[in-house]
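please find the sequence and the predicted model below.
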Amino acid sequence: MLVDTLTEFGQDGTTYRPTNADIKERGPVLATDALRYSMNIPSVQMQFLVGPATTATFAESLGIASRDYIMSQDPGLTLTLGSVPVNLTNMTQAYGVFAAQGELHPATTILEIRDRNNRLVYSRDHNGPEVTKPLTPPEAYLTHWILEGNTDPARNLLWGTRAMLTDPNGFRRHAGFKTGTTDDFRDVSGFGYVPGSLVTGVWMGNNNQEPMSNVLGVGLFSADGPLYMWHDFMQRALNEPWDWNKQTPVPQTDFAQPAGIEMVSVCRFSGMGANGNCGRTQVMPFLPGTVPPYDNVHSRGCLDIVQYVRQSDPPRPESWAQAAQIWSDRAVNGDYGARGDPKEYLSNPYVRFTITPILGERLPAVCGNKRAVPPKKPKGSPAPVPSGQPTPAPSKKPKPPGPP
């Protein structure tokens with residue numbers, strides 16, 4: 001579980017407080033929700049826990065960019081939000097790893113070369129870039145399971161319907177898709193694939209890198225621009241006859257659950273093992289040895305997200321627990337509305353963003369400090385009389401004089 005709330009990440013006198021693109025907070029969320037809906041704050045939390053160097057090394061294994069190049073940009077925690085420029089083709093081929101069950105097939109524009117006698121001197125299959133395996137099938141399946149949910153209207157209520165691909169018979173394809181929106185809407189992108197078949201990346205932005213919006217939280221989101229282009233292209237490319245698919249629509253494909261995956265029931269919001277005390281549950285995939293322990297943060301009949309943060313391994317900074325406490329106290333007191341000017345959130349610690357649940361969900365009952373509200377005095381009650389003095393009789397209005 002991660003806590004989607006305004007959190008201080010600054011160190012050594014610096015201040016870093018990222019926001020979500022829509023300037024809202026959703027409180028306790030699973031890492032799957034954070035990835036699916038591109039929540040910035042939980043993403044930065046995850047980047048903090050694994051470290052930029054680990055991310056850079058993994059990105060290199062996927063063919064996105066070299067570790068040295070990424071780290072030379074001194075990205076810090078912003079690496080997870082796209083602060084390092086990368087090549088669209090390389091990023092697209094990286095998503096191909098999930099389409100190919102963990103294999104990286106480097107992009108190439110040359111299929112074959114023949115001499116003037118039509119003799120084959122080069123072919124992609126025999127002389128092309130080497131195929132590598134940066135992930136095992138179970139590891140790749142974990143991410144695919146999340147990304148496929150983005151094209152399933154039942155799992156992504158926000159834009160699953162517009163992302164759903166269908167085959168020529170109208171059945172939903174097992175496609176995966178991911179959005180990406182950078183600060184100031186400078187770049188919006190989308191990457192998606194059909195397992196074992198086609199991978200496509202889309203980028204939109206200004207060629208001079210000027211932002212597409214100057215209003216905080218308002219602009220062209222990836223799910224509004226690149227998603228539509230990706231969807232329409234994929235529908236035609238897969239379902240109509242082309243040279244690339246040998247004039248035959250691509251049949252249904254899938255990334256079936258491989259050996260080495262354990263499906264486990266976990267608590268909907270804590271992500272810990274379900275034990276009957278946490279309300280709603282859901283079944284999720286795990287690698288052996290990574291199944292979470294049974295839930296212990298509902299012992300008071302509510303979700304204690306502060307306790308969860310403080311007991312987590314690896315340890316999380318105390319500032320995260322303080323942020324979780326503020327969110328919890330707001331939630332239990334019904335303080336869901338925004339407060340202050342959101343543009344001043346960096347300089348004003350009292351600015352608050354709107355609290356809202358994930359679309360189609362309800363906020364969980366969390367543990368927090370309930371503010372005491374003094375009881376209202378009943379209207380018309382007499383003033384208190386000091387002890388030992390008789391209570392004065394209620395005054396009577398004099399009657400108007402009668403007729404003579």
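Nice, I can see it.

and the helices in the stretch 201-350 of the chain?
Here the stretch 201-350 of the chain has its helices, by DSSP state H, counting those that start in this stretch, at 226-239, 305-311, 318-332.

who does the last one touch, helix- and strand-wise?
Identification of packing neighbours for helix 318-332 by 3 or more CB pairs under 8 Å, 6 or more residues apart in numbering; DSSP states H and E yields strand 2-4, helix 305-311, strand 354-355. All C-beta atoms are positioned from the backbone trio N, CA, C, and that covers glycine.

the first one pairs with which strands, parallel or anti?
Okay, so that is strand 2-4. In the sheet, strand 2-4 lines up against strand 27-29 (antiparallel) (DSSP bridges).

returning to that earlier point: ok, which of the helices and strands packed on helix 318-332 comes nearest residue 64?
Residue 64 sits nearest to strand 2-4 of all the helices and strands packed on helix 318-332, at 23.5 Å, using CB to CB.

hmm, who's touching that closest one?
Applying CB atoms under 8 Å, 6 or more residues apart in numbering, the external contacts of strand 2-4 come out as 20, 25-31, 34, 39, 41-42, 45-46, 305, 309, 320, 323-324, 327.

again, only using 10 Å
Applying CB atoms under 10 Å, 6 or more residues apart in numbering, the contact partners of strand 2-4 are 20, 24-31, 33-34, 37, 39-46, 49, 271, 305-306, 308-309, 312, 316, 320-321, 323-324, 327-328, 355, 358.

for residue 145, grab the count of nearby residues.
Neighbour count for residue 145, taken as other CB atoms under 10 Å: 19.

ok so, going back, let me have the helices and strands packed on helix 318-332 in TSV, extended by mean pLDDT and mean neighbour count.
Formatted as TSV, those follow (pLDDT from 0 to 100; neighbours: other CB atoms under 10 Å):
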stretch	mean pLDDT	mean neighbour count
strand 2-4	97	25
helix 305-311	97	21
strand 354-355	96	17
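
possible to save those as a markdown table with distance to residue 156?
Shown next, in a markdown table, are those (distance: least, CB to CB, whole Å):
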| stretch | distance to residue 156 |
| --- | --- |
| strand 2-4 | 17 |
| helix 305-311 | 24 |
| strand 354-355 | 21 |
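
can you redo the helices of the stretch 201-350 of the chain as TSV with distance to residue 1?
Shown next, in TSV, are those (distance: least, CB to CB, whole Å):
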stretch	distance to residue 1
helix 226-239	28
helix 305-311	6
helix 318-332	10
